[in-house]
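Enquirer: After the sequence you'll find the predicted model.
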Amino acid sequence: MPYFKSKPIHAAVDKTLRYILNPDKTAELFYADSINCFTDAQAAYLNMKQVYEHFSGRIFTEGKSQNGNSQIKALHLIQSFSPEDGVTPEEVHRIGLELVKKMYGDKVQAVIATHVDKEHIHNHVCVNTYTLDGKKLYNTISEVVRARAISDVICKLHGVRNVMLSKARKKGKGMSYCEWLHRRTGTSWKAKICAYIDTIIPVAESLEHLMKIMRAHGYTVKEGKYISVLAPGQHRAVRLKNLGEGYDEKSITERIAYFISRRPKEWTPDEILRTVIREFTDSTFKIGIAQSVKDTTAELGKRLALINNERISSVGEVEGRLQDAEKEIAKLNASITDLEADLQHKQLLSAAAKRYFRKYRLGEKRDDYPAAQRKQDKLILEKNGIKALSNTFRFDDDVKSDSINLEKLRTKLAELTDKTETYRSIIETCRDKDDFITKIHKEVERRLTEQEQDKIAAMKADRFRIYRPAADYDDTFEDGGPAPNVDDCDLLVDSNMFEVREKGSESEDLGERLEAAYRFYNLRVGDLIAIGDLAYRVNKKGYSVLKTFTKSRAEKERERQEDLEREEREHIAEEERRRQQEEQERKKAEEKQKEQTTQPQKKNKTL
């Protein structure tokens, strides 16, 4: 289990950064990274100083106060691995990066460096106590305990040996002496199966897919209450849960899910654009643009969201959209004015009709309805052709619908007004600078091109050969019958998946690629598709796996002879060790007998 420690830094943050980013300790900064700051010690110090002073309101270099206390400016994390952990500098560095992101998120300012100058590889991390969104980080005991727990989880997912061993011991799952001895001599089936599972977990999509890969490579997998596996050449199957900590069904599923989450995915143009915009936000913060333009994080986020949502590609396009928005605002203001006037007119007519056509009871006085008001209502009603109260009933529904429409227009006007302000701020920001929106789109095109090139390169590297047997073979070889060999077959195709113009040739699933080749070359039952050392024979149900097809008979015979010679050498060496052991035991027996004969003589001389 890696050693973990956290130390608060009250002063001299620049000194800590210089030590962490020492080129002699980090292979000339090859194992050095940073998050939301530069990887240069002085530049990183200035970045952290700017953020700390902005959110804390304090001076980054201030000393102790009158009561002797001083503020924590940064946190220094140390994560050290034993040589027995079996990890490489690359793995240790990745673990350090994942620890920081898992602990503090994407808004943290941190420098991560892996020191490789000692036998024990270790990470040094310097973290600013304020994040980019103003969150304060603390160095409490609970935070240190949480960091250690996260560190152990990440190390477990990366297969760090001592983490696995310590977890097993805590649960009482110690390793037997026999298994320990087999692992020490390299003859442990469990160790071989574990190593094989470790190699295919990063490419598996699920536990079922992992089992499918194992079967394709000659493993026998038995599924029931527990999953058991039998390696090629092994005589007795072993359950996954008995392989050790991290290899039961649940743990393997968790590890597969972890690698899937870390796997680079095929991005759509919109996703790439969002990523580039986010990177641009970080870059503008680093080089001080945000400060020089007096932008807040929220305002900058609003601008970039508008650019993304409306697919704006240049500042000129922003100016054009601003003009359109201003015209739309003028139309909305006119519509709102007309609607308000119409609404007021209908309300006025409705009120006048209710007063004028009101029916009074016998003897009821009309003191609350002055004659002047009555005369005015009469003129208004006659002018608009209203001769009865029922003529105004339709106004009630109109007033309700007009009120709803008026509220919608006002909401739209407010949104459009806010958008125009954002348009103006974007134009103002970019007026004296390069057109970064155009740069974003160029970066999107460049990344898409790189992605396509990487995909094409991967497909070209996925080579295969197609053979057709000279003689017919049935499927009895799966039950021990004669199997086809490369010596008995004709080579039909030597190509790669890029040349297979069929759906599925670009898939990561082996079965889909085999099906694509089968359809494209119009193969028949009995044909063989050789990929690497394995061959897949087309049969009526699918494919049969041949593990030694690509080895000629001469090559197999040579390997058999080499195995016999190796066994003979091992037998001779074993005989020699046994002879030497017997010789040593014989000498010990003679010395012991000699000592027993000399002891009585010494007693007689004494008497």
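Expert: That came through fine.

Enquirer: in the stretch 401-550 of the chain, which spans are helices?
Expert: With DSSP state H, counting those that start in this stretch as the criterion, the stretch 401-550 of the chain has helices at 436-461, 510-520.

Enquirer: If you count neighbours, what's buried in the shortest one?
Expert: What it means is helix 510-520. Residues 510, 513-518, 520 are the ones in helix 510-520 that count as buried (16 or more other Cβ atoms under 10 Å). All C-beta spots, glycine's among them, are computed from the backbone N, C-alpha and C.

Enquirer: So for it, mean pLDDT?
Expert: Helix 510-520 carries an average pLDDT of 88.

Enquirer: ok, and what's touching that helix?
Expert: 212-213, 216, 462, 464, 466, 497, 500-505, 507, 523, 529, 531, 536, 538, 543 (Cβ atoms under 8 Å, 6 or more residues apart in numbering).

Enquirer: thought residue 217 was touching residue 533?
Expert: No. Shown here, residue 217 and residue 533 do not form a contact pair, counting by Cβ atoms under 8 Å, at 9.5 Å.

Enquirer: Mutual contacts of the two, please.
Expert: Common neighbours of residue 217 and residue 533 (Cβ under 8 Å, 6+ apart) are residue 547.

Enquirer: mind giving me the domain split of the chain?
Expert: What the record gives for the chain is the domain set 3-164, 175-262, 315-359+369-434, 469-546, 551-581, from automatic domain parsing.

Enquirer: among the contacts of helix 510-520, which ones are buried?
Expert: With burial judged by 16+ other Cβ under 10 Å, the buried subset of these is 212-213, 462, 464, 466, 497, 500, 502, 504-505, 523, 529, 531, 536, 538, 543.

Enquirer: just those residues now: which is nearest residue 351?
Expert: For those, the minimum distance to residue 351 (Cβ to Cβ) is 74.2 Å, reached by residue 504.

Enquirer: Tell me the spacing between the closest one and residue 23.
Expert: Distance of residue 504 to residue 23, given as Cβ to Cβ, to the nearest Å: 48 Å.

Enquirer: the helices in the stretch 201-350 of the chain, which residues?
Expert: Assigned helices in the stretch 201-350 of the chain, in chain order: 207-216, 249-262, 269-286, 289-292, 297-309, 315-356 (criterion: DSSP H, counting those that start in this stretch).

Enquirer: Return the member of those helices having the minimum mean pLDDT.
Expert: Of all the helices of the stretch 201-350 of the chain, mean pLDDT reaches its minimum on helix 289-292 (a mean of 38).

Enquirer: give me the low-pLDDT residue ranges for the protein?
Expert: Low-confidence segments of the chain (pLDDT under 70): 1, 64-68, 161-187, 262-316, 359-368, 425-452, 471-482, 599-607.

Enquirer: and with 50 instead?
Expert: For the chain, the stretches with pLDDT under 50 are 162-173, 283-297, 432-435.

Enquirer: For the chain, which segments count as strands?
Expert: Here the chain has its strands, by DSSP state E, at 3-9, 32-35, 74-80, 110-115, 122-128, 220-222, 228-230, 238-239, 463-469, 489-496, 528-531, 534-538, 543-546.

Enquirer: can you tell me which of the buried ones among the contacts of helix 510-520 lies nearest to residue 246?
Expert: Nearest to residue 246 among the buried ones among the contacts of helix 510-520 is residue 213, at 18.1 Å by Cβ to Cβ.

Enquirer: so that closest one sits right up against residue 204, yeah?
Expert: Yes. Between residue 213 and residue 204 there is a contact under Cβ under 8 Å: 6.4 Å.

Enquirer: Which neighbours do these two have in common?
Expert: In contact with both residue 213 and residue 204: no residue, using Cβ under 8 Å, 6+ apart.

Enquirer: for the nearest residue to residue 23 once chain neighbours are set aside, what are its contacts?
Expert: Spatial nearest neighbour of residue 23, excluding adjacent residues (Cβ to Cβ, 6 or more residues apart in numbering): residue 29 at 5.5 Å. Residue 29 makes contact with 21, 23, 39, 113, according to Cβ under 8 Å, 6+ apart.

Enquirer: can you do 10 Å?
Expert: By Cβ atoms under 10 Å, 6 or more residues apart in numbering, the contact list for residue 29 reads 21-23, 39-41, 113.

Enquirer: and if you look at residue 51?
Expert: In this structure, residue 51 makes contact with 36-37, 60, 107, 109, 128-132, 134, 285, judged by Cβ under 10 Å, 6+ apart.

Enquirer: now for those residues, which pair is the farthest apart?
Expert: The largest separation in these, counting by Cβ to Cβ, is between 60 and 107 at 18.7 Å.

Enquirer: Compare the two (neighbour count), which wins?
Expert: Higher neighbour count among residue 60 and residue 107: residue 60, with 20 against 16, using other Cβ atoms under 10 Å.

Enquirer: Any figure for the gap between the more buried one and residue 250?
Expert: Taking Cβ to Cβ, one finds residue 60 at 47 Å from residue 250.

Enquirer: and what of residue 137?
Expert: Residue 137 sits 33 Å away from residue 250, going by Cβ to Cβ.

Enquirer: With neighbour numbers in mind, choose between the two.
Expert: Set residue 137 next to residue 250 and count neighbours by other Cβ under 10 Å: residue 137 wins out with 18 against 11.

Enquirer: For that one, which non-adjacent residue is spatially closest?
Expert: Residue nearest to residue 137 in three dimensions, not counting chain neighbours: residue 129, with 4.9 Å by Cβ to Cβ, 6+ apart.

Enquirer: quick one, what contacts the one you found?
Expert: Contacts for residue 129 (Cβ under 10 Å, 6+ apart) come out as 8-9, 48, 51-52, 55-56, 71-75, 108-109, 135-139.

Enquirer: For those, which PyMOL command selects only the ones that are buried?
Expert: Buried subset of the contacts of residue 129, written as a PyMOL selection, criterion 16+ other Cβ under 10 Å:
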select buried, resi 9+48+51+52+55+56+71+73+74+75+108+109+137+139
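
Enquirer: Just give me the neighbour total for residue 230.
Expert: Neighbours around residue 230, by other Cβ under 10 Å: 18.

Enquirer: That one is in contact with residue 192, isn't it?
Expert: No. Look at residue 230 against residue 192 with Cβ atoms under 10 Å: they stay out of range, at 11.9 Å.
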